[in-house]
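*Asks:* Sequence and predicted structure are below.
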Amino acid sequence: MIIDRFVKILSRSMIAISIFTAVATTHAYSQTMHQSLAGNALWATYKSRFVSERGAVVDNVNNGISHSESQGYGMLLALAANDKEAFARIYRFAQSELSRRGDALFAWRYDPSKDNAVSDTNNASDGDLLIAWALLEAAAIGWNQSYEKSGMAILNDLKTQIKSFASLGLVLSPGEKGFENEDGTLVINPSYWIYPAFERLAVLTENRDWLRLSHTGEHIVAQFLAKPKQLIPDWASVTAKSTNVKFAEGKSSVFGYESIRVPLYLMMAGKTDKEQAFEILNRAAGNSSGKISRLNAESGKPEGVFNDHGYTAILQLAACLKDGTPIHSEYATRLDTNYYPATLQLLALATANRSNKKCL
């Protein structure tokens with residue numbers, strides 16, 4: 001009996017030590033985005049092309065729409081560029097045009113071509129995460145203390161979309177509606193796991209659940225990479241009854257415009273396994289063009305190429321983090337002409353600047 005009690009006490013102590021170690025390690029690895037683009041001329045170019053006077057971050061390829069994701073990215077990049085005015089302007093647009101739900105979350109899309117610019121008030125959890133992360137970072141550096149309250153309110157209302165599965169751990173729903181089937185299957189988007197945000201939120205909110213969510217994401221990535229030719233699909237599905245992650249029925253099973261963010265987010269984070277990112281890109285760039293391919297994530301068969309050079313900047317970042325190869329000047333000094341690849345390009349450059357000054 002005494003031995004049993006000792007084992008139980010020791011077990012609880014080891015769990016406590018592991019929790020403390022995880023939090024301490026996160027503090028050691030966690031890096032703020034602030035000033036990681038300070039002085040970079042490409043931010044001024046980005047603002048002139050994609051940020052309106054009202055603060056809408058405009059997706060020029062998709063009929064000029066804005067969405068919670070673009071507003072969150074814009075705020076994060078403004079923080080990285082130390083641009084307080086642009087940050088406030090972009091956030092004001094999100095507040096004035098996308099706060100239509102009756103809670104602290106944001107409607108996912110604003111379409112200026114429609115009489116009702118916000119016809120769908122469903123949220124996109126990645127957009128909410130990006131905005132909350134940016135707000136808490138801005139509050140932490142003293143830009144506006146009210147940002148902290150706003151960021152925490154977003155995270156509090158997002159809690160209902162973070163599911164606890166005994167088999168997998170914490171899982172993020174892509175939005176409030178339309179992703180949970182009657183049989184309990186949850187459709188997920190692996191690119192909504194924003195690993196650098198989870199690391200920072202664990203520090204800024206002192207809530208370890210963000211690390212648990214991050215761990216689930218890495219487990220999902222590992223499952224898809226377990227087979228030699230497989231890649232991360234844009235959409236997948238999980239269930240509370242199994243640890244297995246599957247390709248989502250009726251959704252894109254391509255390593256495409258959504259899932260290309262997965263290796264970037266893994267590289268942006270400090271503590272995550274960057275070998276996963278390198279392996280994803282190795283499989284997706286196994287052609288002679290020097291570009292990332294869009295592939296059937298299950299068979300590995302090519303379905304196209306990411307031609308915009310903003311996407312190739314992700315490959316350039318991987319090469320620098322892996323073996324110190326400097327990012328080519330084409331990707332460091334010339335901004336992509338389209339909103340989405342330009343955004344990923346600036347995130348890659350900010351990561352390069354934070355991780356290894358020799359990259360640039």
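*Replies:* Right, received. Where do you want to start?

*Asks:* which residues of the stretch 1-150 of the chain fall in helices?
*Replies:* 2-29, 41-50, 68-80, 84-93, 125-140, 146-158 (DSSP state H, counting those that start in this stretch).

*Asks:* mean pLDDT for those: which is lowest?
*Replies:* Comparing mean pLDDT across these, the weakest is helix 2-29, with a mean of 44.

*Asks:* what's around the nearest residue to Lys47 once chain neighbours are set aside, how many residues?
*Replies:* Nearest residue to Lys47, sequence neighbours excluded (C-beta to C-beta, 6 or more residues apart in numbering): Ala86, at 6.1 Å. For glycine as for every other residue, the C-beta is placed from the backbone atoms N, C-alpha and C. Number of residues near Ala86 (other C-beta atoms under 10 Å) recorded here: 22.

*Asks:* For Ala86, list the residues it contacts.
*Replies:* Lys47, Val51, Gly55, Gly74, Ala78 (C-beta atoms under 8 Å, 6 or more residues apart in numbering).

*Asks:* neighbour-wise, which of the residues you listed leads?
*Replies:* Per-residue neighbour counts (other C-beta under 10 Å) across those peak at Gly74, which has 32 neighbours.

*Asks:* isn't that one right next to Arg89, touching?
*Replies:* No - applying C-beta atoms under 8 Å, one finds Gly74 not in contact with Arg89, separated by 9.0 Å.

*Asks:* what sits in contact with each of the two?
*Replies:* Val51, Gly55.

*Asks:* Can you verify my assumption that Ala348 contacts Thr312?
*Replies:* No - with contact defined as C-beta under 8 Å, Ala348 and Thr312 do not form a contacting pair (9.5 Å).

*Asks:* higher neighbour count, those two?
*Replies:* More crowded of Ala348 and Thr312, by other C-beta under 10 Å: Ala348, with 27 against 23.

*Asks:* what does the model give that one for pLDDT?
*Replies:* Here, the pLDDT recorded for Ala348 equals 98.

*Asks:* show me what contacts it?
*Replies:* With the criterion set at C-beta under 8 Å, 6+ apart, Ala348 makes contact with Leu264, Met267, Ala313, Ile314, Gln316, Leu317, Ile327, Tyr331.

*Asks:* tell me the contacts of the nearest residue to the first one once chain neighbours are set aside?
*Replies:* Think Leu264. Nearest non-adjacent residue to Leu264, counting by C-beta to C-beta, 6+ apart: Ile314, 5.1 Å away. Counting by C-beta under 8 Å, 6+ apart, Ile314 makes contact with Ile260, Pro263, Leu264, Met267, Leu281, Ile292, Leu344, Ala348.

*Asks:* Let me know the secondary structure of Leu335.
*Replies:* For Leu335, the assignment made with DSSP: H, G, I helix; E, B strand; the rest coil gives coil.

*Asks:* give me every residue that touches it.
*Replies:* Leu42, Thr45, Tyr46, Arg49, Gly310, Ala342, Gln345, Leu346.

*Asks:* Need those in TSV (columns: distance to Asp234 and neighbour count).
*Replies:* What follows is the contacts of Leu335, written out as TSV (distance: C-beta to C-beta, whole Å; neighbours: other C-beta atoms under 10 Å):
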residue	distance to Asp234	neighbour count
Leu42	27	19
Thr45	29	16
Tyr46	25	26
Arg49	26	15
Gly310	18	23
Ala342	20	24
Gln345	20	28
Leu346	22	26
